[in-house]
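**Q** A predicted structure for the sequence below; I have some questions about it.
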Amino acid sequence: MDLSGLSLLAVAGIFAMAAAAIMLAGVRLAHVADALADRTGMGEVVAGALFVGAATSLPGAITSISTAAQGASGLAVGNALGGLTAQTAFIAVADLFYRRANLEHAAASVTGLAQGVLLVVLLSIPLIASAEPQITIWGVHPASLLIPVGYAFGLRLLSRIHDDPMWHPVQTDETREEVSEPDREGGRSDSGLWLRFALYAGVTAMAGWVIGEASLALVELTGMGESAVGTVFAGVANSLPELVTAIAAVRIGAVSLAVGDVIGGNAFEVMFLSAADFFDEGSIYGALTPADRTTALIAMLMTGVLLLGMLRREKTGPVRIGFESVLVLGLYAGSVALVLL
């Protein structure tokens, strides 16, 4: 679908409609995925990360793969890394909606900390790959094989940590247990849930492809760089389900779900790069610009700040949110400014 012949207003309208479809269908998809995770018997941490994380990350993956296949490597990279910083900032936005205490205080858990560390480990792999010679095996960089292997190992480790933790956060009046969001699809059969999962996944996948095509047109029409469009526009649009899901979760008191699903789902953003590398000519990591590496490092910094917030567990802070949420929002604004300027 070539949108380059349309006006800027028309392309922006198509982009906005695709983003709305991702938000609406993506939120429903997250609810269905959470219900399937509860029914599989795989364990809450592993099943939740696989079903919910994959479900809400699907449109972003489609965008990165489709744009990489068309030679727009910078757009694919920017979409993945921009989604990382946007989704991490969404935790701070959700903190604004949780008025009882600082969200990181209430949701502190050993699995949440482990998820954050896993994200930092996975994100270091493409950064190292981008700094070294771009070696490929049958057109694929070895890092693209290492990332999913590392993620699978991390899921196994998370499951063990969840089942047999070696330490626990101190319980306070505002600490909330790690519980799943209530199964809102409880009245439906497993086959009905799978059918709805496929339907919503198809809608978000198609919308993710449209986002990719509209982003390519925006690059041509506006003269902006691929990395900037991917980071600021495509990455945010594809991350909207996480924002709505996080806000909805804190409103019902499922604070661990809000924090855990966002941090855990961020690992899928790193795997976008791995998936895109299979469709890109050469190594996708060679397309990382200095601005992309800065975005990735800011994402690591934002994650580190959140982890420090979970360890410090400040009950209240500036404007009734924690110091880490204030810093995360500031870092995100800075990352967007650096990409645009």
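**A** Sure thing, it's come through.
**Q** find the residue at the geometric middle of the protein.
**A** The C-alpha lying nearest the average C-alpha coordinate of the chain belongs to Asn266 (CA atoms, centre = their mean; 3.6 Å).
**Q** now for that residue: which residues touch it?
**A** By CB atoms under 8 Å, 6 or more residues apart in numbering, the contact set of Asn266 is Gly83, Leu84, Gln87, Thr88, Leu119, Ala299, Thr303. (Each C-beta comes from the backbone N, C-alpha and C, glycine too.)
**Q** same check on Val117?
**A** Leu307.
**Q** give me the buried positions along stretch 222-239.
**A** By neighbour count on 16 or more other CB atoms under 10 Å, the buried set for stretch 222-239 is 224-239.
**Q** hey, which helix or strand in this protein has the poorest pLDDT?
**A** Lowest on mean pLDDT, DSSP states H and E among the helices and strands of the chain sits helix 44-48, with a mean of 55.
**Q** tell me which helix or strand comes right after that one.
**A** helix 54-69 (DSSP states H and E).
**Q** buried residues in that next one?
**A** Buried residues in helix 54-69 (16+ other CB under 10 Å): 54-68.
**Q** got the buried residues for the strand or helix carrying Tyr332?
**A** Element membership of Tyr332 [criterion: DSSP H and E] is helix 323-340. Across helix 323-340, burial judged by 16+ other CB under 10 Å covers Phe323, Glu324, Ser325, Val326, Leu327, Val328, Leu329, Leu331, Tyr332, Ser335, Val336, Val339.
**Q** need the max-distance pair from these.
**A** By the measure CB to CB, Phe323 and Val339 form the most distant pair in the buried residues of helix 323-340, at 24.9 Å.
**Q** circling back: filter the contacts of Asn266 down to the buried ones, ChimeraX style.
**A** Selection command for ChimeraX covering only the buried members of the contacts of Asn266, criterion 16+ other CB under 10 Å:
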select :83,84,87,88,119,299,303
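**Q** residues in contact with Gly78?
**A** Glu226, Ser227, Ala228, Val229, Gly230, Thr231, Ala234, Gly235, Asp292, Thr295, Val339.
**Q** please repeat the previous calculation with a cut-off of 10 Å.
**A** 64, 67, 72, 215, 225-235, 287-289, 291-292, 295, 339 (CB atoms under 10 Å, 6 or more residues apart in numbering).
**Q** element containing it, please.
**A** Assigned by DSSP H and E, Gly78 falls in helix 73-97.
**Q** average pLDDT for that helix?
**A** Averaged over helix 73-97, pLDDT sits at 86.
**Q** now do the helices in the protein.
**A** For the chain, the helices defined by DSSP state H cover 8-40, 44-48, 54-69, 73-97, 103-106, 110-131, 142-163, 190-222, 226-228, 235-238, 240-251, 255-277, 290-312, 323-340.
**Q** average pLDDT across the last one?
**A** Across helix 323-340, pLDDT averages out at 87.
**Q** can you show me the CA trace of it as PDB?
**A** The C-alpha trace of helix 323-340 is given here as PDB (Å, rounded to 0.1, in the frame of the first residue of the first chain):
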ATOM      1  CA  PHE A 323      10.900  10.700  42.400                       C
ATOM      2  CA  GLU A 324      11.500   7.900  39.900                       C
ATOM      3  CA  SER A 325       8.300   8.800  38.000                       C
ATOM      4  CA  VAL A 326       9.300  12.400  37.800                       C
ATOM      5  CA  LEU A 327      12.700  11.500  36.500                       C
ATOM      6  CA  VAL A 328      11.300   9.000  34.000                       C
ATOM      7  CA  LEU A 329       9.000  11.600  32.500                       C
ATOM      8  CA  GLY A 330      11.800  14.100  32.200                       C
ATOM      9  CA  LEU A 331      14.100  11.500  30.600                       C
ATOM     10  CA  TYR A 332      11.400  10.600  28.100                       C
ATOM     11  CA  ALA A 333      10.900  14.300  27.200                       C
ATOM     12  CA  GLY A 334      14.600  14.600  26.800                       C
ATOM     13  CA  SER A 335      14.800  11.600  24.500                       C
ATOM     14  CA  VAL A 336      12.100  12.900  22.200                       C
ATOM     15  CA  ALA A 337      13.800  16.300  22.100                       C
ATOM     16  CA  LEU A 338      17.200  14.800  21.200                       C
ATOM     17  CA  VAL A 339      15.700  12.700  18.400                       C
ATOM     18  CA  LEU A 340      13.800  15.600  16.900                       C
END
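**Q** what's it packed up against?
**A** helix 73-97, helix 103-106, helix 226-228, helix 290-312 (3 or more CB pairs under 10 Å, 6 or more residues apart in numbering; DSSP states H and E).
**Q** next, the angle from that helix to helix 73-97.
**A** 150 degrees (axes from the mean of the first three to the mean of the last three CA atoms, to 10 degrees).
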